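>>> can you look at this prediction? I've put the sequence above it.
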Amino acid sequence: EPEVTQTPSHQVTQMGQEVILRCVPISNHLYFYWYRQILGQKVEFLVSFYNNEISEKSEIFDDQFSVERPDGSNFTLKIRSTKLEDSAMYFCASNLAGGRTGELFFGEGSRLTVL
Amino acid sequence: SQQGEEDPQALSIQEGENATMNCSYKTSINNLQWYRQNSGRGLVHLILIRSNEREKHSGRLRVTLDTSKKSSSLLITASRAADTASYFCATDISGANNLFFGTGTRLTVIP
């Protein structure tokens, strides 16, 4: 069964370093998302992406964050200068046709630890 | 905030019993979705119910939606040990899948 894959599964970084989290969405999906879950807290929407541009972003997704689909298969989340509070599990998700189909397919997540 | 709040926070039942989880939210929605998360794993979509629907079934799952009370419930019938997980409701205001998740109910099914 097709699945969303994410790498790395766990990354430890020093505060102030840049981090890139990678995702390979399901191949025929057109809508891509990043969510995050701080340990013990709710899953939070970060950004949605369609047709090579950001569709919507939350307040969390400030100038330190960026997303890119560099080669038609990967979908990346970059955090420019990490802060301690960026420590979280980051989930990538994809969807075939946006809200019309509803179901989001999530990856297993990338755990980011900022020291 | 339109984030959902689940009730109860934790639920422990015997295998074979039914489990009911409730979700309340604050603003009008396009649809409401339920997801499951095993510890430390990704989220798995269970069921979506649109704002013009009142009840939906999928296998052993039954979801209801009451838009006047801004609440939803998820019923898992004939629970199994493998149903042990956290269950989240997520509201979608615009239909674009920019979801607002609740705090989750941690379900433990005792064999």
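Nice, thanks for sending it over.

>>> wait, does stretch B:4-11 contact chain A?
No. Figure legend: stretch B:4-11 not in contact with chain A (C-beta under 8 Å from any C-beta of the partner chain); closest approach 8.9 Å. (Each C-beta comes from the backbone N, C-alpha and C, glycine too.)

>>> which residue sits closest to B:Leu75, ignoring its sequence neighbours?
Leaving aside its sequence neighbours, B:Leu75 sits nearest to B:Arg62 (C-beta to C-beta, 6 or more residues apart in numbering or on different chains; 4.3 Å).

>>> so who does that neighbour touch?
B:55-56, B:74-75, B:77 (C-beta atoms under 8 Å, 6 or more residues apart in numbering or on different chains).

>>> can I get the buried part of those residues as one ChimeraX selection?
Applying 16 or more other C-beta atoms under 10 Å in any protein chain shown to these, the buried members can be selected in ChimeraX as follows:
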select /B:74
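
>>> tell me the one of the contacts of B:Arg62 nearest chain A?
Among these, B:Lys56 lies closest to chain A (C-beta to the nearest C-beta), at 11.5 Å.

>>> tell me the mean pLDDT for the helix or strand encompassing the closest one?
Secondary structure from DSSP states H and E places B:Lys56 in strand B:55-58. Strand B:55-58 comes out with an average pLDDT of 96.

>>> related to what we said a few turns ago, what's the helix or strand for the residue nearest to B:Leu75?
strand B:61-66.

>>> adjacent strands (with direction) for the following helix or strand past that strand?
Using DSSP H and E, the helix or strand that follows strand B:61-66 in sequence is strand B:71-76. Paired strands of strand B:71-76, with direction, are strand B:19-24 (antiparallel), strand B:61-66 (antiparallel) (DSSP bridges).

>>> generate TSV for those strands, with mean pLDDT and distance to A:Cys92 as supplementary columns.
As requested, the strands paired with strand B:71-76 are exported to TSV (pLDDT from 0 to 100; distance: least, C-beta to C-beta, whole Å):
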stretch	mean pLDDT	distance to A:Cys92
strand B:19-24	96	24
strand B:61-66	98	25
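
>>> so which bits of chain A are right by chain B?
So far as C-beta under 8 Å from any C-beta goes, chain A lies against chain B at A:4, A:31, A:33, A:35, A:42-45, A:48, A:55-56, A:58, A:91, A:93, A:95, A:98-100, A:102-109.

>>> show me which of the residues you listed are buried.
A:4, A:31, A:33, A:35, A:42-45, A:48, A:55-56, A:58, A:91, A:93, A:95, A:98-99, A:102-109.

>>> quick one on the thing from earlier: which strand residues bridge the residue nearest to B:Leu75?
B:His57, B:Leu75.

>>> surely A:Glu56 meets B:Ile93?
No. With contact defined as C-beta atoms under 8 Å, A:Glu56 does not count as touching B:Ile93 (10.6 Å).

>>> and B:Asp92, what does it touch?
A:99, A:102, B:29-33, B:98-100.

>>> just to revisit the earlier point, alpha carbons only: can I get the strand holding B:Arg62 in PDB?
Provided in PDB are the C-alpha atoms of strand B:61-66 (Å, rounded to 0.1, in the frame of the first residue of the first chain):
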ATOM      1  CA  LEU B  61     -16.800   2.500  14.000                       C
ATOM      2  CA  ARG B  62     -19.800   4.800  14.300                       C
ATOM      3  CA  VAL B  63     -19.500   8.500  14.300                       C
ATOM      4  CA  THR B  64     -22.200  11.100  15.000                       C
ATOM      5  CA  LEU B  65     -22.100  14.800  14.500                       C
ATOM      6  CA  ASP B  66     -24.400  17.400  16.200                       C
END
